[in-house]
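Asker: Pasting the sequence and the predicted model now:
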Amino acid sequence: QVQLVESGGDLVQAGGSLRLSCTASGRNIFRINTMGWYRQAPGKERELVADFPSGGSTVYTDSVKGRFTISRDSAKNTVYLQMNSLKPEDTAVYYCNAKIIKVLSGNEYNYWGQGTQVTVSS
């Protein structure tokens, strides 16, 4: 079994900062290709916030460029999202995502964390 465990969500005032963390664990992880963050606001579809492919360039949705920074510690199977200059429209449940190759399998599997609530008050 592979698990993604997130932390760092909180209530913060507009203009504030938060740092989200997500760690992947499991005995049958061979390689993690991409780790990233998505978010889902009430009544809206889940959207990509940022992702960090292994050996590739980071990707950000336009609304967070210049404010959010994704980073990754491959040795710890951990991805971070530093969120600065937060706005009320950033309020959402943030989900960690990882695309993982399992041991003895050539297939890529898609995993999600349980979600962490970020609320930005005006």
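Answerer: Cool, got the structure. Residues are numbered from 1 along each chain as shown.
Asker: Please identify which helix or strand holds residue 22.
Answerer: In the assignment (DSSP states H and E), residue 22 maps to strand 18-25.
Asker: which residues sit in contact with residue 52?
Answerer: Residue 52 makes contact with 34, 35, 36, 58, 70, 71, 72, 79, according to Cβ atoms under 8 Å, 6 or more residues apart in numbering. Glycine gets a C-beta too; all of them are placed from N, C-alpha and C.
Asker: Assign a three-state SS to the residue of the chain most remote from its centre, would you?
Answerer: Going by Cα atoms, centre = their mean, the residue of the chain most distant from its centre is residue 104, 26.4 Å out. For residue 104, the secondary structure call by DSSP: H, G, I helix; E, B strand; the rest coil comes out as coil.
Asker: in the sheet, who's paired with the closest residue to residue 49 other than its chain neighbours?
Answerer: Excluding the flanking residues, the one nearest residue 49 by Cβ to Cβ, 6 or more residues apart in numbering is residue 37, at 4.4 Å. Under the criterion DSSP bridges, residue 37 forms beta bridges with residue 50, residue 96.
Asker: still on that earlier bit, Throw the contacts of residue 52 into a markdown table and include distance to residue 46, thanks.
Answerer: Compiled in a markdown table, the contacts of residue 52 are given as follows (distance: Cβ to Cβ, whole Å):
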| residue | distance to residue 46 |
| --- | --- |
| 34 | 16 |
| 35 | 16 |
| 36 | 12 |
| 58 | 19 |
| 70 | 17 |
| 71 | 22 |
| 72 | 21 |
| 79 | 17 |
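Asker: Filter those down to the buried ones.
Answerer: Among the contacts of residue 52, the ones that count as buried by 16 or more other Cβ atoms under 10 Å are 34, 35, 36, 70, 72, 79.
Asker: Can you give me the pLDDT of the first one?
Answerer: According to the prediction, residue 34 has pLDDT 96.
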